[in-house]
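Visitor: this one's structure only:
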């Protein structure tokens, strides 16, 4: 029934037990053990064609998979002064069960709803009588499947920190954190197989395993990925109500796959690749923020019975990582928005075409200004480039009036104060979807044997890859009121 909604029963059972043990006056231990049991009360429909072609049972979904997450933490006061402490944690963690990825297997069996990719179809304007019967070889359908051994995501995380009271009442904290992927998602397309041919830069060229199908997504796992964090924070409170705080955070994050969509095919299609769609490539994460600075200043004071608070928050952080792509689907995997750009070693290694075909000087400028120059003669790295830094300054003011048994608080905020002062600053620049297609691969030039790059007019212009976040790049004023009983 194509009108049947994609629905299934799901449960998530959890149990946590923990205890705190005060070993002595200076050492405290915290231990915990968490159990999670995701359960499915239904199964997807069986598709015999998928089973006979790929050996995949569409009814296979992860069920009754017990996840065990032990944790251990400590707090240690190394001196009797009470001015410092060492604290640490290590444990296994799992977030909420991502049932949305499992839902694709229920809606994408190819039985209830058949999504066809077809060519040479006669148009029929009647929505109640769509074309159904196609000549052999002109239509194919897609299905979504799951590895029977699929494991829900988990990470191992450890932190170690040191807090110290410094002279002049300054409080300092330094903390390091390491996160290792134990299980994460990874999507394959089982209908795309190596044809034995190679692209001009050495990647496999793919073909369909079966012409009955267009795409067969396959949700499985990877164990590759990690994240390192280091942070430093200084705080100072003055007797006259002034508080100052400053912090710096450093991050390095690597991932083999990052599923950012609820749709199986989108997760596979938009995973940028060097052309090899089956090898797990550990590269920079979409979510890496290498550097972040934060400064907070606030002042509390009173005028009679009225309490006032004025504050400023300034942040500056690295821009999002992004990739530059080439269109044209050079590896013929059926996805045209996932091929990382091959940067020719020399301008003359490529035949340039299109209304925006660059001169050698223009091409060299594009490589230098984007940071692609270091990738000459190779495929550019996934997320190997950086958007501009993001800086913001926010202002806050509130005052509190006691009225009988209630307190009335009035708040006034200015977001992006920098942009209010100067409309040319405080702009948030980013790359949409963290990818930019600069040009298209258009095949091999027969006389020279060189690849053809077709460039549209303006595609290589300075900063063409960036968009402006319209809302966050504007100053905003916010007024609020709160009554507390």
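Guide: Ah, there it is. Owing to the predicted nature of the structure, the values given are computational and were not obtained by experimental measurement.

Visitor: for the helix or strand harbouring residue 184, buried residues please.
Guide: Counting by DSSP states H and E, the element that carries residue 184 is strand 170-189. Going by neighbour count (16 or more other Cβ atoms under 10 Å), the buried part of strand 170-189 is 173, 175, 177, 179, 181-189. In short, each C-beta sits where N, CA and C put it, glycine included.

Visitor: kindly report the same for stretch 36-53.
Guide: Judged by neighbour count using 16+ other Cβ under 10 Å, the buried positions of stretch 36-53 are 36, 38, 40, 44, 47, 50, 53.

Visitor: please list the members of those residues that lie in strands.
Guide: Helix and strand membership here follows DSSP state E; of these, those in strands are 36, 38, 40.

Visitor: one step back: by contact count, what packs against the strand holding residue 184?
Guide: Packing contacts for strand 170-189, counted by 3 or more Cβ pairs under 8 Å, 6 or more residues apart in numbering; DSSP states H and E, involve strand 154-165, strand 213-222, strand 225-237, helix 264-269.

Visitor: now tell me what touches the first one from outside.
Guide: Read it as strand 154-165. Outside strand 154-165, the residues that touch it by Cβ atoms under 8 Å, 6 or more residues apart in numbering are 67, 69, 83-94, 171-183.

Visitor: which secondary element of this structure has the worst mean pLDDT?
Guide: Least confident helix or strand, the chain: strand 116-118 with a mean of 69, by mean pLDDT, DSSP states H and E.

Visitor: C-terminal to that strand, what's the next element?
Guide: Next helix or strand after strand 116-118 toward the C-terminus (DSSP H and E): strand 139-146.

Visitor: what sits up against that next one?
Guide: Outside of strand 139-146, the residues within contact range by Cβ under 8 Å, 6+ apart are 47, 50, 54, 56, 58, 60-62, 102, 104-105, 107-110, 114-119, 121, 190, 208, 211-220, 264-265.

Visitor: that one pairs with which strands?
Guide: Within its sheet, and counting by DSSP bridges, strand 139-146 is paired with strand 116-118 (antiparallel), strand 213-222 (parallel).

Visitor: picking that back up, tabulate the helices and strands packed on strand 170-189 (CSV), appending mean pLDDT and mean neighbour count.
Guide: Shown next, in CSV, are these (pLDDT from 0 to 100; neighbours: other Cβ atoms under 10 Å):
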stretch, mean pLDDT, mean neighbour count
strand 154-165, 97, 16
strand 213-222, 96, 22
strand 225-237, 98, 16
helix 264-269, 95, 22
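
Visitor: now those as a markdown table including distance to residue 16?
Guide: Shown next, in a markdown table, are these (distance: least, Cβ to Cβ, whole Å):
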| stretch | distance to residue 16 |
| --- | --- |
| strand 154-165 | 15 |
| strand 213-222 | 25 |
| strand 225-237 | 24 |
| helix 264-269 | 31 |
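
Visitor: closest to residue 148 out of these?
Guide: strand 213-222 (9.7 Å; Cβ to Cβ).

Visitor: now the angle between strand 170-189 and the closest one, please.
Guide: Comparing the axes of strand 213-222 and strand 170-189 via axes from the mean of the first three to the mean of the last three Cα atoms, to 10 degrees yields an angle of 140 degrees.

Visitor: show residues contacting strand 213-222.
Guide: Under the criterion Cβ under 8 Å, 6+ apart, residues 50, 53-54, 56, 101, 104-105, 108, 117, 140-147, 149-151, 181, 183-192, 208, 256-257, 264-265, 267-268, 280, 334 lie in contact with strand 213-222.

Visitor: same check on stretch 366-373?
Guide: With Cβ under 8 Å, 6+ apart, stretch 366-373 has contacts from 324, 341, 343, 358, 364, 376, 380, 384-386, 438, 460, 462-463, 465.

Visitor: repeat for stretch 187-201
Guide: 54, 56, 145, 204-210, 213-220, 257, 259, 264, 267-268, 271, 275, 277-278, 330-334, 342, 378-379, 444, 451.

Visitor: select only the buried ones of those residues in PyMOL?
Guide: To isolate the buried members of the contacts of stretch 187-201 in PyMOL, using 16+ other Cβ under 10 Å:
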select buried, resi 54+56+145+204+206+207+208+213+214+215+216+217+218+219+220+257+259+264+267+268+271+275+277+330+331+332+333+334+342+379+451
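
Visitor: what segments of the stretch 351-485 of the chain are helices?
Guide: Using DSSP state H, counting those that start in this stretch, the helices found in the stretch 351-485 of the chain span residues 360-370, 417-421.

Visitor: now for the shortest one, which elements pack on it?
Guide: Translated: helix 417-421. strand 390-403.

Visitor: in the sheet, which strands lie alongside the strand it packs on, parallel or antiparallel?
Guide: Applying DSSP bridges, one finds strand 390-403 paired with strand 306-317 (antiparallel), strand 406-415 (antiparallel).

Visitor: and it, what's its mean pLDDT?
Guide: When pLDDT is averaged over strand 390-403, the result is 93.

Visitor: pLDDT below threshold where in this structure?
Guide: Within the chain, the ranges that satisfy pLDDT under 70 run 1-5, 115-117, 133-139.

Visitor: and if we set it to 50?
Guide: Counting by pLDDT under 50, the chain contains no low-confidence residues.

Visitor: out of everything not next to it in sequence, what's closest to residue 91?
Guide: If the residues on either side of it in the chain are set aside, residue 91 comes closest to residue 71, at 3.2 Å by Cβ to Cβ, 6 or more residues apart in numbering.

Visitor: buried residues in the helix or strand that contains the one you found, which are they?
Guide: For residue 71, the enclosing helix or strand under DSSP H and E is strand 67-76. By neighbour count with 16+ other Cβ under 10 Å, strand 67-76 contains the buried residues 67, 69, 71, 73, 74, 75, 76.

Visitor: how far away from the center of its chain is that strand?
Guide: 27 Å (Cα atoms, centre = their mean, to the nearest Å).

Visitor: which helices and strands sit right next to the next helix or strand after that strand?
Guide: Once strand 67-76 ends, the next helix or strand along the chain (criterion: DSSP H and E) is strand 84-93. Taking 3+ Cβ pairs under 8 Å, 6+ apart as the contact definition, the neighbouring helices and strands of strand 84-93 are strand 67-76, strand 154-165.

Visitor: each with direction, which strands does strand 84-93 pair with?
Guide: Partner strands and pairing direction for strand 84-93 (DSSP bridges) are strand 67-76 (antiparallel), strand 154-165 (antiparallel).

Visitor: export these to JSON lines and append columns for distance to residue 8.
Guide: Compiled in JSON lines, the strands paired with strand 84-93 are given as follows (distance: least, Cβ to Cβ, whole Å):
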{"stretch": "strand 67-76", "distance to residue 8": "20"}
{"stretch": "strand 154-165", "distance to residue 8": "23"}
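
Visitor: doesn't residue 362 make contact with residue 347?
Guide: No: using Cβ atoms under 8 Å, residue 347 and residue 362 do not qualify as a contacting pair, with a distance of 9.6 Å.

Visitor: the nearest residue to residue 459 once chain neighbours are set aside: how many residues sit nearby?
Guide: Nearest in space to residue 459, with sequence neighbours left out and distances taken as Cβ to Cβ, 6+ apart, is residue 356 at 5.1 Å. Number of residues near residue 356 (other Cβ atoms under 10 Å) recorded here: 18.
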